[in-house]
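Visitor: For reference, the sequence and a predicted model appear below.
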Amino acid sequence: MDALVRSSIAINFLLVAFGSEAVAAAESASTAIDGFNWRAFLAPFHTVTLHLPIGFVLMAVILETYHFFKPSAPLRSAIGLVLLCSALSAVLVVMLGVFRAEGGGYEAGALDEHRWFGIAVGVVTVIAALVHVVAFRKTPRFLTVSFYRFLLVADMVLLSLAGHGGGNLTHGSKYLTENAPDWVRKWVERGDVPEGGSGMDSTSEYGRVIQPIFEAKCYQCHGPEKQKGDYRMDTVEGLTAAGESERDPIVKGNALESYLVETITVPDDDDVAMPPDGKDRLTPEEVLAIMRWIWAGAKTGS
């Protein structure tokens, strides 16, 4: 076990050092090459690579289960290789996730929760790979092997929690139930009201016509969990407050001066088009309904 402790300390030191060096290198690169921001460039690759540790850890669990019933030396070596790939990919994904979080646009509490679950996945995956080396280097010991298998199970649980949190940040908290039966959605979403209340009257024109449009087409990027461009649309205060654009999203009584109307009426390939390319744009009827609502004063109550 002394060797295990020393190995764990060493790998954590290397992770911290590697992470610090990577961050420093990214910062120096951003200033060295015409101010190019490498961290912002690499951040989206978090989404591309995050499935690697999920796949590798799941593969390790499957192989370990098979090995439990039909042990063999070649299979044990294969599990070691899979765990090595799991650890390396987990460290990469965590680093890219840190870069991704720096871009902002997410609800702070949900982002912190996802960040710490993600870091926990990286740490547990690395430790599991190290313990595997120690546990099966010589004659396997019951306690060490049991600890290794416990780490694998814990890693799968953490991966599920981190993955669900990431899904909430990307797709909104209702992405799993949006196509569920009505009784399921009502049960899951009951009491799901922004802190302090939304300040909106569900019986008004806004509540009956406009809010359902925003919920279906806009909340995924501008709702409780994610506020792209620092703009939030599920509360009265957020709906009328300027985001990163520093332009008034809604000018009551003047739809043509409202930045919100501009973003939903420009061509699909325009940089400010909302919803962005790849997502369902508003229909002409929905756009007209929003414009009429703004011309009438953009009231959210009766």
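Guide: Right, received. Where do you want to start? Small disclaimer: the values here were computed from a predicted structure and weren't measured.

Visitor: Span of stretch 276-289 from start to end?
Guide: 20 Å (CA to CA, to the nearest Å).

Visitor: Can you name the residues that contact residue 251?
Guide: Neighbouring residues of residue 251 by CB atoms under 8 Å, 6 or more residues apart in numbering: 257, 258, 294. Placement of C-beta: from N, CA and C, glycine included.

Visitor: can I assume the first one is in contact with residue 248?
Guide: When you say that, I think you mean residue 257. Yes. At 7.5 Å, residue 257 counts as touching residue 248 under the criterion of CB atoms under 8 Å.

Visitor: Nearest to residue 107 among the contacts of residue 251?
Guide: Minimum distance to residue 107 across those is 24.8 Å, recorded for residue 258 (CB to CB).

Visitor: coming back round to it: which members of the contacts of residue 251 are classed as buried?
Guide: Among these, those classed as buried by neighbour count (16 or more other CB atoms under 10 Å) are 258, 294.

Visitor: Just the closest of the contacts of residue 251 to residue 78, please.
Guide: Within the contacts of residue 251, the smallest distance to residue 78 is 59.8 Å, found for residue 258 (CB to CB).

Visitor: If we go by neighbour counts, what in stretch 249-259 is buried?
Guide: In terms of neighbour count (16+ other CB under 10 Å), stretch 249-259 has its buried residues at 249, 250, 251, 252, 255, 258, 259.

Visitor: Export that stretch to PDB, keeping only CA atoms.
Guide: Listed in PDB are the C-alpha atoms of stretch 249-259, where the atom choice follows Å, rounded to 0.1, in the frame of the first residue of the first chain:
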ATOM      1  CA  PRO A 249     -33.500  43.400 -26.600                       C
ATOM      2  CA  ILE A 250     -37.000  44.900 -26.200                       C
ATOM      3  CA  VAL A 251     -38.000  48.500 -26.800                       C
ATOM      4  CA  LYS A 252     -41.500  48.600 -25.600                       C
ATOM      5  CA  GLY A 253     -43.800  50.000 -28.300                       C
ATOM      6  CA  ASN A 254     -41.200  49.800 -31.100                       C
ATOM      7  CA  ALA A 255     -40.400  46.300 -32.500                       C
ATOM      8  CA  LEU A 256     -38.200  47.700 -35.200                       C
ATOM      9  CA  GLU A 257     -35.800  49.100 -32.600                       C
ATOM     10  CA  SER A 258     -35.700  45.900 -30.500                       C
ATOM     11  CA  TYR A 259     -32.600  43.900 -30.900                       C
END
